[in-house]
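K.L.:
Return a 3D structure for these sequence lines:
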Amino acid sequence: MEAVIAVFALLFVLFLVLGAYATVKVIGAAKRGVDRTIDQARRTVEDHTLRAKSFVQQGPAAEVAALRLKLRTSMRATQDALHAGARDDQSLKESVDLFRRLSVHGHELDGELKRLEGEPDRATLAQRLPDLRARTERITQSADSLRWAARDRAHRFAADDLDTLSAQIDVEAGALRHWTKEEPSAAPPPWPDAPAADNATAQQTWPETPRRTEEPTRAAITPPGQRPSYPWQKKPRPESTT
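P.N.:
Just a heads-up that it's a prediction; the model follows:
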């Protein structure tokens with residue numbers, strides 16, 4: 001009895017532990033989903049703010065906002081393209097590692113541009129704009145190069161797969177329509193070669209017809225011969241002349 005109670009107690013504790021673990025996992029997944037949604041909403045709001053500043057403001061402040069918006073848009077698009085392609089193509093792993101290294105410089109530049117948005121000294125800001133513009137251009141060009149290379153690779157693989165699939169479909173369609181193909185007619189057997197002649201002047205000879213031997217002509221009707229008479233035969237009577 002005590003063993004049964006111990007087993008039920010152990011199962012109860014096990015169910016409690018599993019329930020607590022499942023609850024923690026669910027809460028963690030929900031928290032990550034909420035954080036992801038909040039980050040995405042924050043990025044969207046920030047991008048719209050930067051776009052508005054680039055149109056509304058003038059001078060160096062507007063250009064700083066435009067540079068930051070360009071940097072963030074290029075880096076985010078490249079990140080999404082590489083992560084989406086790496087799930088199907090393991091060869092993009094090195095490209096993802098290169099982008100992570102590039103992202104370090106991108107985050108550094110983005111933080112610097114963000115601090116310069118509220119810079120009151122316009123003259124100093126204008127002096128630093130050429131360097132900021134060049135750094136932004138180098139980072140965005142590198143990110144765009146990685147993104148378009150990944151897209152071209154995916155497009156190439158898709159085109160090759162489509163070509164292979166089209167060829168297989170053509171073969172299958174031809175096999176399904178086998179009755180439309182005319183069967184090649186069998187060639188007639190060749191004529192036998194003529195026998196070779198012994199010499200150039202040889203001619204074909206025909207066998208001579210054997211001559212008929214002349215037979216003596218016989219009369220069509222042989223007259224009856226004179227019959228022999230015997231003594232016991234009666235003499236024929238003379239025919240009446242009346």
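K.L.:
Point out where the chain drops to low pLDDT.
P.N.:
Low-confidence segments of the chain, defined by pLDDT under 70, span residues 1-2, 29-43, 45, 47-48, 53-56, 180-189, 191-242.
K.L.:
Mind jotting down where the helices sit in it?
P.N.:
2-56, 60-86, 93-116, 122-176 (DSSP state H).
K.L.:
Let me know which of these is tucked in deepest.
P.N.:
Per residue and on average, the most neighbours among these fall to helix 60-86, with a mean of 19 (mean count of other C-beta atoms under 10 Å). The way it works is simple: take the backbone N, C-alpha and C, and place the C-beta from them, glycine included.
K.L.:
follow-up on the earlier one: need the helices of the chain in a markdown table with distance to P190, can you?
P.N.:
Formatted as a markdown table, those follow (distance: least, C-beta to C-beta, whole Å):
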| stretch | distance to P190 |
| --- | --- |
| helix 2-56 | 82 |
| helix 60-86 | 64 |
| helix 93-116 | 68 |
| helix 122-176 | 33 |
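K.L.:
right, and G85 touches W148 too?
P.N.:
No: contact criterion C-beta atoms under 8 Å: G85 and W148 do not qualify, at 11.7 Å.
K.L.:
Contacts only, for the spatially closest residue to S103 that is not a sequence neighbour.
P.N.:
In space, and not counting its chain neighbours, S103 is closest to M75: 6.5 Å by C-beta to C-beta, 6 or more residues apart in numbering. Taking C-beta atoms under 8 Å, 6 or more residues apart in numbering, we find M75 in contact with L102, S103, G106, I139, T140, A143.
K.L.:
As TSV, these with distance to D161 would be great.
P.N.:
Listed next are these as TSV, based on distance: C-beta to C-beta, whole Å:
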residue	distance to D161
L102	30
S103	31
G106	34
I139	34
T140	31
A143	27
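K.L.:
and which of those is nearest to G28?
P.N.:
S103 (25.2 Å; C-beta to C-beta).
K.L.:
Does the closest one touch L82 like I think?
P.N.:
No: judged on C-beta under 8 Å, S103 makes no contact with L82 at a distance of 10.6 Å.
K.L.:
Now do the contacts for L67.
P.N.:
L113, L132, R133, T136.
K.L.:
Tell me which two of those residues sit farthest apart.
P.N.:
L113 and R133 (10.6 Å).
K.L.:
Now do the phi/psi pair for E119.
P.N.:
Here is the backbone geometry of E119 (degrees, to the nearest 10): phi -70, psi 120.
K.L.:
farthest-separated two in the contacts of M75?
P.N.:
Pairwise over the contacts of M75, using C-beta to C-beta, the maximum falls at S103 and T140, 12.4 Å.
K.L.:
my guess is E119 contacts L125, does it?
P.N.:
Yes: contact criterion C-beta under 8 Å: E119 and L125 qualify, at 4.9 Å.
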